[in-house]
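Enquirer: task: produce atomic coordinates for the following.
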Amino acid sequence: MSDDRVFRVTVRGRFHELSERARAYLVGAQAEHDIFVSAYTPEGTFTYDERILFFNLRYEIRANGPDAESDAITEGLLEAEQFLATMGFGHQGLTAKAADLSAMWP
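Expert: Numbers count the residues shown, from 1 in each chain. Purely as a prediction, here's the structure:
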């Protein structure tokens, strides 16, 4: 049996200096990234508001050890940075919080 704990990590931020191309993509893909179709997944789910000001990414991350929650938050932030860079989405003010599912469902 694994000692991994499952965390739901939510990374939030604000779009910053989006290119015309990035903004056009976000406008066109908005229905696919609605908050009501999001979930916590290992690969992450990306959602944003209709004004294209704020976004969040939701990850399900497994971690263990005494710093598991901190490690999960760090991994979530790194994943988010990589995603945003790959997509070419300028951003600022990234924050992350984690919820330990083992604490919710003992």
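
Enquirer: if you count neighbours, what's buried in the helix or strand bottoming out on mean pLDDT in the chain?
Expert: The helix or strand of the chain with the lowest confidence, counting by mean pLDDT, DSSP states H and E, is helix 101-104 at a mean of 82. By 16 or more other Cβ atoms under 10 Å, helix 101-104 has no buried positions at all. Bear in mind the C-beta positions are built from the backbone N, C-alpha and C, glycine included.

Enquirer: repeat that for stretch 6-13.
Expert: Going by 16+ other Cβ under 10 Å, stretch 6-13 has these buried residues: 6-11, 13.

Enquirer: need the longest helix for this structure.
Expert: As assigned by DSSP state H, the longest helix anywhere in the chain is helix 68-87.

Enquirer: any chance you could list what contacts it?
Expert: Under the criterion Cβ atoms under 8 Å, 6 or more residues apart in numbering, residues 5, 7, 9-11, 13, 22, 25, 44, 46, 57, 59, 61-63, 65, 91, 94, 96-98, 100 lie in contact with helix 68-87.

Enquirer: now, of those, which are buried?
Expert: 5, 7, 9-11, 13, 22, 44, 46, 57, 59, 61, 63, 91, 94, 96, 98.
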